[in-house]
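# my questions concern the predicted model and sequence given below.
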Amino acid sequence: MTPSATIPHPDRAAARWRALERWEQLTALPMFFVAVAFFAASSILLIDVQLPTDAQGQLTTVVSVSWMLFIAEFVVRLLISPAKLTFVRSRWFDLLSLFVVILRPFLIVTYLWRLPFFRGGGARAKRTRNVLAVSIASLLYVYTASLGVYLVEHNTSGANILSMGDALWWGFTTITTVGYGDFTPVTIAGRALAVSLMVSGVLIVGFVSATIMSAIREDAHTIAAKLTAKVPGEAEATAQGQGQGQAGR
């Protein structure tokens, strides 16, 4: 009988969940850089169509290797997991991003969230992590939507979004609801992306603003509580000092 056979099943499952957590912590930083490399290489390939053949080949290799690493890392985690279905349900976005190209840039946030900086801490630290994660995800979302608009617009007759710079300017003015109107999509796909940015802009700005205001209110309450606790203490100390002075007389 092997040693593992003597371990109760719940204990083996808990040990494998801990092993999975350790694996995700160890691979978080390397996979974060892989996700960044994939994002950068794929963006350059899509935006700059006049790249030299050698450069295109190198960037394509980076994209292909990164994608294979995503798949391999997910498979390893799936094999370590003691409950495959539970694992897939809890990591559904990781799995979906392996097949839906437009979701792959957001793997940067997924791997970033596993870094030690994003673990532990109190309520305030959690709010800070949430704001940071939402901010990064929002930037990636604006960039991805802008890239999509650029790809569907720049070769369309009558379009005025002709460069990635124009698309980014349009994206940021749209998600912040500024809407100067100097750049507007003319295709159905471009307008659909514009609607998604308008809706998400209201939600994202509202969430970030509410989180920041909540942090400010909590800090104000903490400072007020400290001052309130400090004043009675000072008054008591003063009274004691006066009593000792009178006793000395």
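Now that the structure is in, tell me what you want to look at. Numbers count the residues shown, from 1 in each chain.
# what about the helices in this protein?
9-47, 53-80, 84-90, 92-97, 107-113, 123-153, 164-175, 188-248 (DSSP state H).
# just give me the lowest mean pLDDT stretch among those.
For the helices of the chain, the weakest mean pLDDT is recorded on helix 188-248, namely a mean of 69.
# please name the nearest non-neighbouring residue to residue 96.
residue 103 (6.1 Å; Cβ to Cβ, 6 or more residues apart in numbering). Glycine gets a C-beta too; all of them are placed from N, C-alpha and C.
# state the distance from residue 74 to residue 96.
To residue 96, residue 74 is 11 Å away according to Cβ to Cβ, to the nearest Å.
# more crowded one of the two?
Counted by other Cβ atoms under 10 Å, residue 74 and residue 96 do not tie: residue 74 has more neighbours, with 18 against 11.
# excluding sequence neighbours, find me the nearest residue to the more buried one.
Going by Cβ to Cβ, 6+ apart, residue 74 has residue 94 as its nearest residue, at 5.7 Å.
# residue 117 now?
residue 129 is the one closest to residue 117 (Cβ to Cβ, 6+ apart), at 7.9 Å.
# need the contact partners of stretch 50-68.
34, 35, 37, 38, 41, 42, 44, 45, 98, 104 (Cβ atoms under 8 Å, 6 or more residues apart in numbering).
# so what's the residue count around the third one?
Put plainly, it is residue 37. 16.
# residue contacts, it?
So residue 37 contacts 62, 66 (Cβ under 8 Å, 6+ apart).
# and the gap between it and residue 61?
Counting by Cβ to Cβ, the gap from residue 37 to residue 61 is 11 Å.
# likewise the fourth one?
Distance from residue 38 to residue 61, counting by Cβ to Cβ: 11 Å.
# which of these two has more residues huddled nearby?
residue 38 (22 against 11).
# apart from its neighbours in sequence, what residue is nearest that one?
residue 66 (3.7 Å).
# can you count the residues close to the one you found?
Neighbour number of residue 66 under other Cβ under 10 Å is 23.
# swap in residue 162?
When neighbours are counted by other Cβ under 10 Å, residue 162 comes out with 14.
# nearest spatial neighbour of it, skipping sequence neighbours?
Per Cβ to Cβ, 6+ apart, closest to residue 162 is residue 154, 5.0 Å.
# ok, the one you found - contacts?
Counted by Cβ under 8 Å, 6+ apart, residue 154 has contacts 161, 162, 163, 167.
# run the last query once more with 10 Å
Residues counted as contacts of residue 154 (Cβ atoms under 10 Å, 6 or more residues apart in numbering) are 47, 160, 161, 162, 163, 164, 166, 167.
# next, give phi and psi for it.
Here is the backbone geometry of residue 154 (degrees, to the nearest 10): phi -70, psi -20.
# and the pLDDT at it?
87.
# can you tell me how far it is from residue 190?
10 Å.
# what is in contact with those two at once?
161, 167.
# break this structure into its domains for me.
1-119, 121-219 (automatic domain parsing).
# residue 226 is nearest to which of those domains?
Comparing the domains of the chain against residue 226 with Cβ to Cβ, the closest turns out to be domain 121-219 (10.7 Å).
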